[in-house]
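K.L.:
predicted coordinates and the sequence they were generated for:
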Amino acid sequence: MEPSSIQITGGNPIFQGPITINVYNGEIKKNQKSSEAVNGKGWVESDYYRPVTNAKERDFVDHISRPKDFYLISNYPKGRVLIVNNEFRGEGDERHGSNKDVSGMYHLWKEMGFSITIETDLTAYNMGLRVEEFAAQQGRSDICVVIIMSHGKEDDLVFGSKRGELAAEKILNIITSSPSLKTKPKLIFFQMCRGSKVQTTHTDGEGFCTEDSTWINQLLRKVLPHGKRLGSEQTEVDALSSEYVEKTSDLMLAFATQPDCVALRDPKKGSWFIQSIRKVFTDKAAKHDVCALMEMVKDDLEKKSVHAPGTDLHEAVMNMDASDSFGKKRLMLFPGFPKCYEE
């Protein structure tokens, strides 16, 4: 069996040019010709991942005749995925376990039938540049997925390697402004801290973060100031600008955690948010649309907590922050369809 391959490119000086990763039967291994290891061990660690449950053919065929109810999925690959993972290797604050997230997301979206591009340790400038290039290269894809995994801080600033900063709203603006993505469903995930507070099971104390669903709407309003918040019924339809409607339509935006709070990551298993996405989408995408899947991710995260007596993380929990503008249309990923026969 011939391996498929991906390229991991690095903006960090530890990388000597692009690293090609070959994929054999679900295992990701380092190409022997590469001069640098991806995770310092010579290969990208990969757990065994359960195969994605495939959709039923009748459901896939049915959606084609219902364009008002479903986003049409007809191409193969069905979409493109950009994964940016800043590990900060050699910079003193390495994101241990993030390689598990890369591996998990690669396996998930590859099995879903997507084309995947992976970038690691990009500077803030190069992150913006790469997102722009990606947004302009969608071609015939039906769905666009962007996954940003990095350190972050208040005001939704994403750290690049060498500690530069890029605003999440800049990434959002690039994606929503791209002519090639107009009318296409766009999924944007941010795995990063949004502050230093810890969400806990206790409701008292300055370190507690409450769930605030208005923050994402405020972010969207910063990008597109004319129009109502997503989910708001306070503004009448005739108050919406055409620019706002066009740009915010067909969009799902999700952060791993609430504003001003930390996002949690297991150094051996990967981040809670990304691993919950992998788990839920693997088992449930065959029967449920993306909005329902993200509700399940939220529920899965709420079941997790840290047991670490005597530390700031004792009984820490994490609630994601998400919003969508799919309206009445449903986005089904239909794993296993359309069929593709590769030589």
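P.N.:
Arrived safely.
K.L.:
quick one, helices of this structure?
P.N.:
For the chain, applying DSSP state H gives helices covering 57-64, 98-112, 124-135, 168-177, 214-223, 242-248, 272-284, 290-302.
K.L.:
so which elements touch the longest one?
P.N.:
To tie it back to what came earlier, the one meant is helix 98-112. Applying 3 or more CB pairs under 8 Å, 6 or more residues apart in numbering; DSSP states H and E, we find helix 98-112 packed against strand 79-85, strand 114-120, strand 143-149, strand 270-271, helix 272-284. C-beta coordinates here come from the backbone N, C-alpha and C atoms, glycine included.
K.L.:
what's next to the longest one, contact-wise?
P.N.:
Under the criterion CB atoms under 8 Å, 6 or more residues apart in numbering, residues 49-53, 100-101, 104-105, 107-108, 112, 147, 149, 189, 191, 256-257, 263-266, 269, 292-293, 296-297, 300-301, 304, 318, 320, 333 lie in contact with helix 272-284.
K.L.:
show the buried residues in these.
P.N.:
49, 52, 100-101, 104-105, 107-108, 112, 147, 149, 189, 191, 256-257, 263-265, 292-293, 296-297, 300-301, 318, 320, 333 (16 or more other CB atoms under 10 Å).
K.L.:
follow-up on the earlier one: out of the helices and strands packed on helix 98-112, which gets nearest to Leu181?
P.N.:
Using CB to CB as the measure, strand 143-149 is the one of the helices and strands packed on helix 98-112 that comes nearest Leu181, at 5.4 Å.
K.L.:
low-confidence ranges in the chain?
P.N.:
The chain contains residues with pLDDT under 70 at 1-48, 201-248, 307-315, 340-343.
K.L.:
give me that answer again for 80
P.N.:
For the chain, the stretches flagged by pLDDT under 80 are 1-49, 200-248, 305-317, 340-343.
K.L.:
the residue nearest to Ser178 when sequence neighbours are not counted and Val262, how far apart?
P.N.:
The spatially closest residue to Ser178, leaving aside those adjacent along the chain, is Ala135, at 3.9 Å (CB to CB, 6 or more residues apart in numbering). Distance, Ala135 to Val262, using CB to CB, to the nearest Å: 29 Å.
K.L.:
just to revisit the earlier point, for the helices and strands packed on helix 98-112, which one sits closest to Ile64?
P.N.:
Among the helices and strands packed on helix 98-112, the nearest to Ile64 by CB to CB is strand 143-149 (15.5 Å).
K.L.:
now do the closest one and strand 79-85, the angle between them.
P.N.:
Angle of strand 143-149 versus strand 79-85, following axes from the mean of the first three to the mean of the last three CA atoms, to 10 degrees, is 10 degrees.
K.L.:
partners of strand 143-149, with directions?
P.N.:
Taking DSSP bridges as the criterion, strand 143-149 forms sheet pairs with strand 79-85 (parallel), strand 186-191 (parallel).
K.L.:
redo those strands as JSON lines? Include distance to Leu72.
P.N.:
Shown next, in JSON lines, are the strands paired with strand 143-149 (distance: least, CB to CB, whole Å):
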{"stretch": "strand 79-85", "distance to Leu72": "12"}
{"stretch": "strand 186-191", "distance to Leu72": "15"}
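K.L.:
and the ones you listed: which comes nearest Ile174?
P.N.:
Nearest to Ile174 among the strands paired with strand 143-149 is strand 186-191; the distance by CB to CB comes to 10.2 Å.
K.L.:
what's in contact with that closest one?
P.N.:
By CB under 8 Å, 6+ apart, the residues outside strand 186-191 that reach it are 101, 143-150, 152, 156, 158, 168, 171-172, 175-176, 250-256, 263, 265, 271, 273-274, 277, 290.
K.L.:
that one vs helix 98-112, what angle?
P.N.:
Going by the same axes, to 10 degrees, strand 186-191 is angled at 160 degrees with respect to helix 98-112.
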